[in-house]
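Enquirer: Pasting a predicted model and its sequence here:
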Amino acid sequence: MLDRRYKTLAVLAKTLSYTKTAQHLFITQPAVSQQISNLEQELEVKLVAKNGVHIHLTSAGEQLVQYVDRILLENEHVLQQIRTNSEEPIIKIGATYSLSTFLLPRLIKNLLPTTTKIHTLIDNTAEILTALRQGEVELGLVEGNFDKNEFDAITIQNEEFIGVTSQKNPLLDKTTITIADLLPEVLLIRESGSGTRAIFANWLATQNYQINEFNQQIEIANPTTIIELLKSDVGISFMYKSLIKSELDKSTLVELPLDGFKITHPINLIFLKESYFAKYYTEIAKKLSN
């Protein structure tokens, strides 16, 4: 178990107030100051700095708090399993909107023989990462970018990322399409924080373009809504090929022959760095990869 001084530092990092930290921990303000001072002396590094009447964590302090938060979450996870007195764990999984459609159902089906206690959270990549940090989920199915110093990852599969539109779009009369051809189109795009949006935006940047250069942009959080609009002959979009396999097979939607656009992106199962449950999570990833 962690020394109480580390827990005090973790609380102080959230409150940025010795008074509020003392109130939260039911100790005196001088006790908080003494614990932080003792910890700094023991580690021989400055953890908290002052700027006038305000305080902030130093770079070393922030790194230490990230580690402490991970340990506290792991402790709570272990204790929760001990309290339930059960060998059957509750698996809490976060998945992005896109992956919840074609990959999360497969994962749940594969897990059912070993557990019936599965909780899910569906959101964009940024929110799934936050949920992992806060212990709301243990695993995240994401396609977006993440800090590899903060999370461990197991690649489940590589997924083809394509441009798509209705089969009735006059753009398809062209043998090949350039970005300039797309700019007058209605771009159906995911919201900020979405891994799908980030992939497309990053590719555009390599071509010296930006999303805001499209004449019309409609932000939609739900990929199902985007697909329905596309099928109604509204605009263009970019998404994972598996998400619209049925529509492509029926030719209700068609891949855009965009010149120079060839993206395959890894789908990852991620969890907190150096987790105590890493071996267990790896077994789950194997089930999903098979």
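Expert: Arrived safely, thanks for sending.
Enquirer: and the gap between the closest residue to Glu138 other than its chain neighbours and Glu283?
Expert: Distances taken as CB to CB, 6 or more residues apart in numbering place Lys92 nearest to Glu138, at 5.0 Å, with adjacent residues excluded. C-beta here means a position set from N, CA and C on the backbone, and glycine is covered the same way. Shown here: Lys92 relative to Glu283, a distance of 16 Å by CB to CB, to the nearest Å.
Enquirer: who has more neighbours, these two?
Expert: In terms of neighbours (other CB atoms under 10 Å), Lys92 is the more surrounded of Lys92 and Glu283; the figures are 19 against 11.
Enquirer: how would you label that one: helix, strand or coil?
Expert: The local conformation at Lys92, judged by DSSP: H, G, I helix; E, B strand; the rest coil, is strand.
Enquirer: Domains in this structure, by residue range?
Expert: Taking automatic domain parsing as the reference, the chain has its domains at 4-83, 86-154+266-289, 158-264.
Enquirer: TSV please, covering these and showing mean pLDDT.
Expert: As requested, the domains of the chain are exported to TSV (pLDDT from 0 to 100):
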stretch	mean pLDDT
domain 4-83	84
domain 86-154+266-289	85
domain 158-264	94
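Enquirer: can you give me phi and psi for the closest residue to Lys231 other than its chain neighbours?
Expert: The shortest distance from Lys231 to any residue other than its chain neighbours is 5.5 Å, reached at Thr252 (CB to CB, 6+ apart). Backbone dihedrals for Thr252, given as degrees, to the nearest 10, come out at phi -70, psi -30.
Enquirer: From Thr101, how far out is Thr252?
Expert: Taking CB to CB as the criterion, Thr252 is separated from Thr101 by 16 Å.
Enquirer: So which of these two has more stuff around it?
Expert: Thr101 (20 against 15).
Enquirer: contacting residues for the more buried one?
Expert: 223-224, 243 (CB atoms under 8 Å, 6 or more residues apart in numbering).
Enquirer: could you pull out the strands for this protein?
Expert: In order along the chain, the chain carries the following strands (DSSP state E): 48-51, 54-57, 91-96, 118-123, 139-142, 151-166, 186-189, 216-219, 236-240, 253-255, 263-272.
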